[in-house]
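K.L.:
Sequence first, then the predicted structure, then my questions.
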Amino acid sequence: MDYPLLNAFWTMCLIFLWVLWLILLFRIIGDIFRSRDLNNWAKTGWLILVIVLPFLGVFIYVIARGHGMSDREVAQAERQQKQLQTYLRDTVATGEGTSHADSLAKLADLKNHGDITEEEFQKAKAKILA
């Protein structure tokens, strides 16, 4: 078996570029679906362009709409963070089937991990003790 080291290096580079390309392609397809400023026809057009002419479609998409991709991703992360904090606050505040001491311990644990702020901690504590 004759496979020189340089050929193995080039094979690894090509595999890396192929995986990188797939990640970029899926991120763009996800961004197309996540985008709220595009109507359904525009989303369909972008999807057809990206699927039928993948290299050209991805490059055109990045040039035309790349500046907003990070904004949409940050907005999505902020929405998820708000939902998580709301869920945590509601779960700790209701104390479903737990004693006040257990609820306060969970609340202190959330505060210590930085999941809730001091102000949120005080409000939830007042709710539990009321």
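P.N.:
Yes, it's here. Residues are numbered from 1 along each chain as shown.

K.L.:
Quick test: name the residue nearest the centre of the protein.
P.N.:
residue 77 (5.2 Å; CA atoms, centre = their mean).

K.L.:
tell me which element it falls in.
P.N.:
Remark: residue 77 resides in helix 54-94, with elements defined by DSSP states H and E.

K.L.:
quick one: that helix to chain centroid distance?
P.N.:
Helix 54-94 sits 5 Å away from the centroid of its parent chain (CA atoms, centre = their mean, to the nearest Å).

K.L.:
for the record, mean pLDDT for it?
P.N.:
Confidence for helix 54-94, expressed as mean pLDDT, is 87.

K.L.:
Now do the buried residues in the next helix or strand after it.
P.N.:
Moving toward the C-terminus from helix 54-94, the first helix or strand encountered (DSSP H and E) is helix 100-112. Using 16 or more other CB atoms under 10 Å as the burial criterion, the residues of helix 100-112 that qualify are 103-104, 106-107, 110-111. The way it works is simple: take the backbone N, C-alpha and C, and place the C-beta from them, glycine included.
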